[in-house]
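Novice: coordinates only, no sequence provided:
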């Protein structure tokens with residue numbers, strides 16, 4: 001009943017189908033200021049609608065999985081390697097094996113780019129992805145209200161409490177059983193679990209950047225719901241997880257990964273440093289990334305050779321671009337005067353040249369047409385940072401995603417339009433970050449409340 005009602009409401013009211021961006025760090029100071037261009041009204045409305053959609057799905061907890069981690073502690077985060085497939089030919093079974101027997105007895109082999117659907121029997125990864133987006137969009141939506149409390153800030157606090165803080169539902173601050181390799185030689189986590197790179201742009205704990213943005217927005221803005229007690233508890237949890245990220249063998253192995261895995265590791269660690277108010281530490285993290293991994297990630301042409309070698313190169317180029325942009329944004333937040341955007345690879349490549357190269361390759365060339373939209377937030381980011389005097393980026397977005405001005409990323413990638421125009425109809429005029437009409441939003445808030453009441457009954 002609940003699923004039907006939520007689907008019905010979402011289908012009738014959302015202006016944009018939901019997409020989880022690979023990663024991003026949204027400057028909390030910009031959001032709190034509310035000084036948004038008039039063209040961002042549609043993006044603001046979409047953000048609020050997505051926030052309400054997520055509110056109907058949460059809260060989330062690691063306790064909901066149906067398989068117990070090897071530790072025996074359900075509070076441990078757990079996931080299975082997504083590209084890992086069983087080969088049971090040598091097991092010698094005379095009858096059909098039960099799933100549990102397959103997981104423990106059959107050797108598993110990696111097939112790059114081929115997602116094993118039974119990996120989602122444990123969905124801590126999907127739960128955290130939804131949590132991260134919910135925290136981000138509800139925190140931003142709270143600032144639109146000009147009130148010390150709102151349904152949006154209450155949502156964020158509830159989500160954080162259930163996933164991180166409540167004794168009955170909290171996640172232990174480690175990824176010891178993330179991307180676990182099954183089979184007789186498995187049962188411990190793999191370093192790729194820090195990232196959890198799936199066949200679709202689905203985030204794992206790498207999206208702590210989104211949670212960091214949400215926490216900072218409520219911490220530095222006006223919210224009576226996000227209390228000092230909750231903040232202290234989040235600081236404690238984040239500090240413990242930082243210790244694990246900086247000392248666990250599988251975490252350090254991920255930090256050394258030369259491709260997107262390493263890029264996203266630094267996203268996560270820098271964001272956590274910012275959460276615990278360690279800005280020098282955050283900058284040290286991003287400096288390490290730009291000094292060690294970044295130089296070999298972009299060729300002079302802008303190609304990303306390590307991502308191009310994968311089975312889905314269009315996706316992985318966009319994926320790593322999101323991580324590189326996020327690392328630069330985290331570095332800039334930690335030290336605003338830093339010239340991080342001028343960083344070059346060993347061959348002179350930059351984030352901008354990497355984006356330009358990726359734009360020149362059709363997703364169809366590798367059979368990835370369904371992933372074409374993954375590049376759009378990166379285009380908006382580069383345009384807002386490096387400029388778009390010739391209107392190339394705006395023209396590309398107008399041609400490929402004519403409704404991009406109503407996408408959430410349009411709000412925080414400003415100024416975007418320089419030499420281009422927003423062709424989207426009804427771009428709106430905001431009132432401290434919002435626009436009229438609000439009737440659909442208010443009705444959806446009421447409807448979500450009715451659904452929640454029905455569930456309680």
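Specialist: Cool, got the structure. This structure is a prediction, so every number in the text was calculated from the model and none was measured.
Novice: could you list the low-pLDDT ranges of the chain?
Specialist: 1-18, 94, 186-204, 417-457 (pLDDT under 70).
Novice: what number of residues lie near residue 223?
Specialist: Using other CB atoms under 10 Å, the number of residues around residue 223 comes to 22. All C-beta atoms are positioned from the backbone trio N, CA, C, and that covers glycine.
Novice: name the nearest residue to residue 104, sequence neighbours excluded.
Specialist: Among residues not flanking residue 104 along the chain, residue 184 sits closest, at 6.8 Å (CB to CB, 6 or more residues apart in numbering).
Novice: burial of that neighbour, as a residue count?
Specialist: 11.
Novice: which SS state does it fall under?
Specialist: coil (DSSP: H, G, I helix; E, B strand; the rest coil).
Novice: surely it and residue 103 touch.
Specialist: No: between residue 184 and residue 103 there is no contact under CB atoms under 8 Å: 10.1 Å.
Novice: and residue 219, what does it touch?
Specialist: The neighbourhood of residue 219, defined by CB atoms under 8 Å, 6 or more residues apart in numbering, consists of 226, 231.
Novice: in a helix, it, correct?
Specialist: Yes: under three-state DSSP, residue 219 falls within a helix.
Novice: give me the helices and strands touching the helix or strand residue 326 falls within, please.
Specialist: Following DSSP states H and E, one finds residue 326 within helix 313-334. Where contact means 3 or more CB pairs under 8 Å, 6 or more residues apart in numbering; DSSP states H and E, helix 313-334 is packed against helix 260-275, helix 279-292, helix 305-308, helix 351-359, helix 376-386.
Novice: can you redo those helices as JSON lines with mean neighbour count and distance to residue 232?
Specialist: Formatted as JSON lines, those follow (neighbours: other CB atoms under 10 Å; distance: least, CB to CB, whole Å):
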{"stretch": "helix 260-275", "mean neighbour count": "28", "distance to residue 232": "12"}
{"stretch": "helix 279-292", "mean neighbour count": "18", "distance to residue 232": "19"}
{"stretch": "helix 305-308", "mean neighbour count": "19", "distance to residue 232": "40"}
{"stretch": "helix 351-359", "mean neighbour count": "21", "distance to residue 232": "36"}
{"stretch": "helix 376-386", "mean neighbour count": "23", "distance to residue 232": "33"}
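Novice: switch those over to TSV; also include distance to residue 51.
Specialist: Below are those laid out as TSV (distance: least, CB to CB, whole Å):
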stretch	distance to residue 51
helix 260-275	20
helix 279-292	26
helix 305-308	32
helix 351-359	28
helix 376-386	18
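Novice: so which of these gets nearest residue 161?
Specialist: Taking CB to CB, helix 260-275 is the member of the helices and strands packed on helix 313-334 nearest to residue 161, at 15.7 Å.
Novice: and that closest one, what does it pack onto?
Specialist: So helix 260-275, by 3+ CB pairs under 8 Å, 6+ apart, packs with helix 208-220, helix 228-245, helix 249-255, helix 279-292, helix 313-334.
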